[in-house]
Each structure stands twice: as structure tokens, then as C-alpha cells.
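Trainee: What shape does this take:
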Amino acid sequence: YKIARKWIEWADVVNLHLPQFESILLIQLANKFRKPVLVTYHCDLIVSGGGVLDLLAVKVTNKIGEKVVENASLIVQNSLDYAEHSPVLSRFLEKVIEVPTPVKMSTTPVEKVDAFRQKFGIKKDEKVIGLAGRVAAEKGYEYLAMALPAILEVYPKARVVHAGAWKSVVGEQGYQAQVEGYIQPFGQKWTSLGYLSDEDFESFFAACDVLMFSSLNATESYGIVQIEAMTQGTPVVAADLPGVRQPVLQTGLGKIVPIKNPIAISEAVVEIFNKGQTARFVPADFLEKFKQPAVARYYEELFALLVNDD
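Mentor: Model (predicted):
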């Protein structure tokens, strides 16, 4: 508290990231020292299952978030689409500014992609469906598992490759066991690579023929891995959720599918496989706004606006 007080008193602008339990104390300090507050609102906080204490913690944190947002000068969100559908942000749309999350932009050379494939035993003639991220209930991996038999009927050499934490995600052991039950019959048609280095992660996206983003609820506000995939020219099948659907809607690079719909997933993946390289055009002007210098300039302009208005 003493450190926060010192730096808030010194600062011209306070940037708070939500959801965050401690944010109520920080905005009280900002108000005390009459400092403008810019809130970066990452997502609504939702809990799937959990005990009484989990539900109570989420409820309290959400109430805190509402109070902080109400007292903020401006609010940054990845997309107005998400803000318009958020039970919190939809009440304060006049304060919301759309600013992307920065992404490292680099196209992986073919030789690095080939080396990645060799390292992890991915054959060139295989059609790779990529999954990126931790295994958690809101990710909806089971619906891709339900869709996979129909995909394999048309593309027998298709396979799912997952990059990210599997068994180490706290509180998700039950869901992990459920997904493992679904994928066990697929054998090597569904593999997990675990954590990857930044370099291997870029090669992973480049090696995929399609990235699957099957999330189920508003804990996903955008899905920045979609942009990382598109940077490598890889199309995305994304769930029809506010914010999450925007990369595909704005680029046409992939397909939007209803949540929890294995039939729609299988049809979308097969359609992208059928298109082949014609599905891999990425509008450069869309990706430009995600570059780190561009996002930094957005924030600099907002900070300057708040300082000048103060």
C-alpha cells in the first residue's frame, strides 16, 4: 500500500488492469491525489463450477470492477463488440476506447517451420488442426474432439496438435480427465507438445493448417492467439462470441462457428482444408494495428489526453 501510494502520488496518470481485487484500493488512492485513471479491461470474470469461496471471490471481484470502471476516466478494451455485450462495460460505453493487445509480428521462415515439424514428428502431408493455450473448461476442447471423427472421414491424415499447459492447470483436473476420455481413442491423432519457447510457438502457428479457437464464454474477450496465427498466414475457426469473432469477421481469414457445435466445427475445418493456400491471405492493414509501436502510440495518446484534460 505504501509503495502504491508513493507511485500514484508521483504519477500523472494511473493505468489499472481489470479484473483485479486490489484495484479498489488503487483507484481510491488515485482519487485522493486527483489523478486520472485509465482502466485496461481484459475480460469479465466468470467461474465454471467451483466451491462457495470461489463463487464469493468472483462476485466480490466483479463488484469491485464495476466500482472502479464507474470511477475511471477512460476504459480500454480489445473490441467495442465485447464491450457492448459485457454486463459491466455496456453501462459505460461512452468511456470505452478500442485498443488492441500488442503482438510480436514476424513471419517464420520455411526452414524453421520444417525444423519444427521434424522436431515434433509432424509430417508434411498431415493436415494440422492447432490448439493453443491451457486446458480449462471454458476452452471447449471437447467439442473439437466430438468433431474430429467427421473431419477424419474426409481428411484421414488430419491431426490435432496442442501447444500449452495440459496437466499443470490448477483446478482443472476434472475437465482435463473429461477431455482425455474423449481423445484417448484418437491416439497420435491428438497430441500435446506442452510449453513451447517463443520461437517454437511461432513455428507452431506456421505449421498449422488451421487454428481452432472454441472458447465458450466471456472470460475470452478476444483471443490474441488468433492474431499470432494470422501473422503466420494461418486461418482460424473461432467461436461466435463477442470480441472473439472479430479477427475472422474483419479479415475473412477463417470461419465463425456457433459455440458447442461439433457439426459446425467439422464443416468449417473441412472447408478450410478444401481451400488450401487460398485460405491464407492476411490483410496487412489489419495486422498493422497490433504491432507494438502502434499500440504504444494509442496508449501515449490516451495518457496525453487525460493529462491535458486534468
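Trainee: Neighbouring strands - and their directions - for the helix or strand encompassing Ile75?
Mentor: Here Ile75, judged by DSSP states H and E, is contained in strand 74-77. Strand pairing for strand 74-77, determined by DSSP bridges: strand 37-41 (parallel), strand 96-98 (parallel).
Trainee: Show me what the first one is in contact with.
Mentor: The reference is to strand 37-41. 13-18, 27, 30, 65, 68-69, 71-77, 83, 86, 88-89, 299, 302-303, 306 (CB atoms under 8 Å, 6 or more residues apart in numbering). (C-beta placed from N, C-alpha, C; glycine too.)
Trainee: same check, this time on the last one
Mentor: With CB under 8 Å, 6+ apart as the contact definition, strand 96-98 has outside contacts at 74-80, 83, 89, 302.
Trainee: cutoff 10 Å now
Mentor: With contact meaning CB atoms under 10 Å, 6 or more residues apart in numbering, strand 96-98 is reached by 38-39, 41, 69, 74-84, 86, 89-90, 246, 289, 298-299, 301-302, 305.
Trainee: What average pLDDT does it get?
Mentor: The average pLDDT for strand 96-98 rounds to 98.
Trainee: quick one: the strands in the stretch 151-300 of the chain?
Mentor: Remark: strands assigned in the stretch 151-300 of the chain by DSSP state E, counting those that start in this stretch are 158-163, 190-192, 210-213, 236-239, 254-257.
Trainee: which one of the ones you listed lies closest to Gln176?
Mentor: Using CB to CB as the measure, strand 190-192 is the one of the strands of the stretch 151-300 of the chain that comes nearest Gln176, at 10.5 Å.
Trainee: Partner strands of that closest one, with direction?
Mentor: Using DSSP bridges, the strands paired with strand 190-192 are strand 158-163 (parallel).
Trainee: Quick one: low-confidence residue ranges for the protein.
Mentor: Residue ranges of the chain with pLDDT under 70: 48-50, 168-170, 279, 310.
Trainee: Domain ranges for it, per the record?
Mentor: As assigned by automatic domain parsing, the chain contains the domains 2-100+291-309, 110-287.
Trainee: related to what we said a few turns ago, okay, the strands paired with strand 74-77, which one's buried deepest?
Mentor: With neighbours defined as mean count of other CB atoms under 10 Å, the strands paired with strand 74-77 peak in mean count at strand 37-41, which reaches a mean of 23.
Trainee: any idea which helix or strand comes after it?
Mentor: Following strand 37-41 in sequence, per DSSP H and E, is helix 52-71.
Trainee: Residues contacting that next one, please?
Mentor: 16, 18-28, 30-31, 37, 39, 41, 44-51, 75, 86-89, 91-92, 95-96, 171.
Trainee: From the contacts of strand 37-41, list just the buried residues.
Mentor: For these, a burial check counting by 16 or more other CB atoms under 10 Å picks out 13-16, 18, 27, 30, 65, 68-69, 72-77, 83, 86, 88-89, 299, 302-303, 306.
Trainee: where do the helices sit along the stretch 151-300 of the chain?
Mentor: 173-183, 198-207, 225-231, 246-251, 262-275, 284-288, 292-309 (DSSP state H, counting those that start in this stretch).
Trainee: Buried ones in the first one, by neighbour count?
Mentor: In terms of neighbour count (16+ other CB under 10 Å), helix 173-183 has its buried residues at 175-176, 179, 182-183.
Trainee: send the alpha carbons of that helix over as CSV?
Mentor: C-alpha atoms of helix 173-183 as CSV (Å, rounded to 0.1, in the frame of the first residue of the first chain):
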residue,chain,number,x,y,z
GLN,A,173,-8.1,-31.7,-13.2
GLY,A,174,-11.7,-32.8,-13.7
TYR,A,175,-12.1,-31.2,-17.0
GLN,A,176,-8.7,-32.5,-18.1
ALA,A,177,-9.8,-36.0,-17.3
GLN,A,178,-13.0,-35.4,-19.3
VAL,A,179,-11.1,-34.3,-22.4
GLU,A,180,-8.6,-37.2,-22.1
GLY,A,181,-11.6,-39.6,-22.1
TYR,A,182,-12.7,-38.0,-25.4
ILE,A,183,-9.3,-38.0,-27.1
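Trainee: related to what we said a few turns ago, how about the buried residues of helix 173-183 in CSV, adding distance to Glu228?
Mentor: Below are the buried residues of helix 173-183 laid out as CSV (distance: CB to CB, whole Å):
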residue, distance to Glu228
Tyr175, 24
Gln176, 24
Val179, 23
Tyr182, 26
Ile183, 24
